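*Asks:* structure, please.
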Amino acid sequence: MLRRFHDIQQRDWRIQTVIETLDQYNDKEVAIYGTGKHTEWILDELGPLANKISCLLDRDASAVGKLKFGLPVQKLDEAIMAGVKAIVISSTFEEIIYERIKHVVQQGVEVIRLYAKETIDKSKKDAIKQIQTMACESNIYTFVDRRKNSDQLLIVLAGYKPYLWPFTLERIARHAPSNLDICLVSSGLYSEELANWAEHHHWSYLSTMINEVSLAQNLAIAEHPEAEWIYKLDEDIFITDQYFEHLRSGYEHIEEEGLFNPGFVAPIINVNGYTYIEFLKSMGLDQKYKQIFGELRYAANGIKCHSDPEAAQWIWQHSLPLDEAARKIASQAFHYSTVPHRFSIGAILLKREYWEKIGGFKIGTKEGILGGDEEDLCRKCMEHSRVMCVVHNVFCGHFSFFLQEESMKRFLERHKELFL
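*Replies:* You can find the predicted model right below:
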């Protein structure tokens with residue numbers, strides 16, 4: 001099942017569009033305009049479905065009447081006379097060809113442009129809908145629906161660290177604005193305890209039988225079609241007062257400034273390979289950290305902030321009480337920075353428009369593999385020039401990375417009251 005979801009999501013939008021066009025029309029009612037390498041590639045990708053195509057179109061008189069790639073080549077008017085009702089332009093010179101043949105629309109013939117923005121966007125949305133429909137029909141997820149139909153949604157990936165929920169989920173309950181839709185999301189399990197949390201706070205709860213976090217997140221977002229702003233948190237993130245309001249305000253400031261089009265924005269996070277330095281600078285502790293741990297380097301891996309339990313505890317010692325640290329950071333004037341490397345996405349805000357543009361978080365082919373959504377999102381931000389930004393006057397805490405967790409559990413036991 002995961003392989004099918006993955007293949008649908010990763011299928012090239014051009015092939016997806018041709019397949020959908022063939023599905024909408026009867027056999028031999030669709031023609032392809034173009035007889036070059038682009039068309040050869042499309043026909044190869046279609047496989048047996050190519051047999052539904054009526055013909056290829058070309059204005060080159062020397063090509064008309066011959067076979068190309070196993071299909072007859074015809075003139076435009078001849079194909080329409082023969083019953084063609086849709087034409088797919090298969091060429092990188094799409095705009096030129098469209099201007100040449102667009103008059104056939106008045107004859108009731110549909111012209112499909114594979115490189116039009118609306119075609120690309122529709123293909124990505126349709127793939128998400130197809131995956132959601134298949135997942136629903138296969139009964140691989142359950143959704144307890146308590147939506148407010150808000151334009152803002154928070155999804156919380158949770159289910160594996162229940163010892164943190166009295167701190168992290170309670171902070172969400174305390175600081176979430178009343179108009180925010182909240183959905184707890186469990187990948188690969190159903191938790192009665194989480195279901196009770198959701199019921200108590202009137203949140204939605206989505207759980208999947210398959211342990212694939214991208215699939216779970218995509219289904220949760222798809223179940224909230226009114227949400228234009230998507231906040232995402234992991235269950236080990238400790239938010240602070242005005243987190244949601246200030247993060248969105250930061251996103252809007254960056255948009256209004258116009259230098260960058262954000263892919264997503266994130267807050268200052270204390271245990272994070274990029275923002276730990278910004279946090280330490282805000283607290284005047286960056287050089288002290290470097291003196292103790294022998295490094296002060298931005299990176300998504302291979303640094304002590306990611307692996308050393310002592311480093312995580314030291315940072316947390318200077319993060320507590322959490323709300324005091326948050327107030328100090330929030331008192332600073334608004335500013336932001338752009339992230340030059342892969343970023344840990346435990347606490348981010350993105351727009352639905354961008355989530356749809358990239359076809360949702362990338363679904364893997366095997367269960368239980370973590371990090372694929374993060375790696376793909378960061379890569380696509382670079383590909384689409386949608387910049388990863390950090391808002392420097394919003395703060396939250398990240399409990400730990402994997403190698404630091406056991407040590408941090410003991411630290412939490414000693415300082416519970418400061419985490420509340």
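*Asks:* I'd assumed W314 was in a strand, is it?
*Replies:* No. Assigned with DSSP: H, G, I helix; E, B strand; the rest coil, W314 falls outside any strand and is helix.
*Asks:* pretty sure it is touching Q291, no?
*Replies:* No. Applying CB atoms under 8 Å, one finds W314 not in contact with Q291, separated by 11.4 Å. Just so you know, the C-beta spots here come from the backbone N, C-alpha and C atoms, and that holds for glycine as well.
*Asks:* once you drop chain neighbours, what's closest to G65?
*Replies:* Spatial nearest neighbour of G65, excluding adjacent residues (CB to CB, 6 or more residues apart in numbering): V73 at 6.8 Å.
*Asks:* ok, now E29?
*Replies:* Going by CB to CB, 6+ apart, E29 has K85 as its nearest residue, at 4.5 Å.
*Asks:* next up, the contacts around the one you found.
*Replies:* Y25, E29, V30, G108, V109, E110 (CB atoms under 8 Å, 6 or more residues apart in numbering).
*Asks:* cool, and I8?
*Replies:* A127, Q130, I131, M134.
*Asks:* now do the buried residues in the one helix or strand the first one maps to.
*Replies:* It refers to A127. Taking DSSP states H and E as the definition, one finds A127 inside helix 117-137. For helix 117-137, the neighbour count (16 or more other CB atoms under 10 Å) marks T119, I120, K122, S123, K124, D126, A127, I128, Q130, I131, Q132, A135 as buried.
*Asks:* which residues does the first one contact?
*Replies:* This points to T119. W13, T17, I112, R113.
*Asks:* before we move on, the earlier item: is the residue nearest to G65 in a helix, a strand, or coil?
*Replies:* strand.
*Asks:* could you give the bridge partners of it?
*Replies:* L56 (DSSP bridges).
*Asks:* any idea how far it is from D151?
*Replies:* For V73, the distance to D151 (CB to CB, to the nearest Å) stands at 50 Å.
*Asks:* compare the two and say which is more crowded by neighbours.
*Replies:* V73 (19 against 14; other CB atoms under 10 Å).
*Asks:* separation between that one and A61?
*Replies:* 10 Å.
*Asks:* can you give me how far the host helix or strand of L418 is from the chain middle?
*Replies:* Using DSSP H and E, L418 maps to helix 416-419. Centroid separation between helix 416-419 and its chain, computed with CA atoms, centre = their mean, to the nearest Å, is 33 Å.
*Asks:* check stretch 413-420 too.
*Replies:* Worked out by CA atoms, centre = their mean, stretch 413-420 lies 33 Å from the chain centre.
*Asks:* contacts made by that stretch with the rest, please.
*Replies:* Counting contacts by CB under 8 Å, 6+ apart, the residues outside stretch 413-420 that touch it are F167, E170, F238, L320, P321, L322, G397, L412.
*Asks:* go with 6 Å
*Replies:* Contact partners of stretch 413-420, identified using CB atoms under 6 Å, 6 or more residues apart in numbering, comprise F167, L320, P321.
*Asks:* I'd like the average pLDDT over it.
*Replies:* Average pLDDT, stretch 413-420: 92.
*Asks:* picking that back up, which among the contacts of I8 gets closest to R352?
*Replies:* Using CB to CB, A127 is the member of the contacts of I8 that sits closest to R352, with 15.0 Å.
*Asks:* surely the closest one and Q9 touch.
*Replies:* Yes. Counting by CB atoms under 6 Å, A127 does reach Q9; the two are 5.5 Å apart.
*Asks:* pLDDT value on Y251, please?
*Replies:* 98.
*Asks:* helix, strand, or coil at it?
*Replies:* Y251 is classified as helix under three-state DSSP.
*Asks:* and it, how far is that from K124?
*Replies:* Note on Y251: its distance to K124, by CB to CB, is 21 Å.
*Asks:* the strands in the stretch 301-420 of the chain, which residues?
*Replies:* Under the criterion DSSP state E, counting those that start in this stretch, the stretch 301-420 of the chain contains strands at 336-338, 347-351, 387-398.
*Asks:* ok, now how distant is the residue nearest to G159 when sequence neighbours are not counted from E212?
*Replies:* Leaving aside its chain neighbours, G159 sits nearest to S186 (3.7 Å; criterion: CB to CB, 6+ apart). Computed as CB to CB, the S186 to E212 distance reads 12 Å.
*Asks:* the two - which one has more neighbours?
*Replies:* Taking neighbours as other CB under 10 Å, S186 and E212 compare with E212 leading, 27 against 24.
*Asks:* in contact with the residue most central in space within the chain, which residues?
*Replies:* A centroid search over the chain (CA atoms, centre = their mean) returns F361, at 3.8 Å, as the residue closest to the centre. By CB under 6 Å, 6+ apart, the contact set of F361 is S214, Q217, N218, D373.
*Asks:* nearest to A158 among those?
*Replies:* Looking across the contacts of F361 and measuring by CB to CB, the closest to A158 is Q217, at 11.8 Å.
*Asks:* count residues in the vicinity of that closest one, would you?
*Replies:* Using other CB under 10 Å, Q217 is surrounded by 24 other residues.
*Asks:* name the nearest residue to it, ignoring sequence neighbours.
*Replies:* Closest to Q217 by CB to CB, 6+ apart is F361, at 5.2 Å.
*Asks:* my reading is that Y231 is in a strand; is that accurate?
*Replies:* Yes. Assessed by three-state DSSP, Y231 belongs to a strand.
*Asks:* that one and L154 touch, don't they?
*Replies:* Yes. Y231 is within contact range of L154, at 4.3 Å (criterion: CB under 6 Å).
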